[in-house]
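Asker: Give me a model of this one.
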Amino acid sequence: MQGAPQDRVRLLAPFDPVVRDRDRFELLWVGYTALKLYTGPKRQLGYYALPLLWRERVIGWGNLSVKNGELKSEFGYVGSQPRDRIFKRELEAELDRLRVFLGLNPERV
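Answerer: Numbers count the residues shown, from 1 in each chain. Alright, predicted model coming up:
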């Protein structure tokens, strides 16, 4: 018996094994391929779109940048954005982890 999916949000890097393995990626994100994210004329979501993993599903993507020392983020979703507080809390926690990794606003965490 498998446990329930953990309430975690993760932004996946292009070379993450989940994204790099195209068959696995397509299982997690039905209807999208890694090629649509990253490859030439098929690219649909921007140069730096990072797949957004919520629990066990890829539900969208994030485009991130740093401007004037601040992490900026824009998100897109397949379907609608999850509305519950747990998702919002976990998304902010993932962004805070990125801020710390990048040396931006580490006092927030």
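Asker: Each with direction, which strands does the helix or strand hosting Ile59 pair with?
Answerer: Per DSSP states H and E, Ile59 falls inside strand 57-67. Strand pairing for strand 57-67, using DSSP bridges, gives strand 49-54 (antiparallel), strand 70-77 (antiparallel).
Asker: Least reliable of those by average pLDDT, please.
Answerer: Here those differ in mean pLDDT, and the lowest is strand 49-54 at a mean of 87.
Asker: Please point out which parts of that strand sit buried.
Answerer: Ala49, Leu50, Pro51, Leu52, Leu53, Trp54 (16 or more other CB atoms under 10 Å). Glycine gets a C-beta too; all of them are placed from N, C-alpha and C.
Asker: How about the secondary structure of Glu26?
Answerer: Under DSSP: H, G, I helix; E, B strand; the rest coil, the three-state class of Glu26 is helix.
Asker: what about it, how many neighbours?
Answerer: When neighbours are defined as other CB atoms under 10 Å, Glu26 has 14 of them.
Asker: I'm done for today, thanks for sticking with me.
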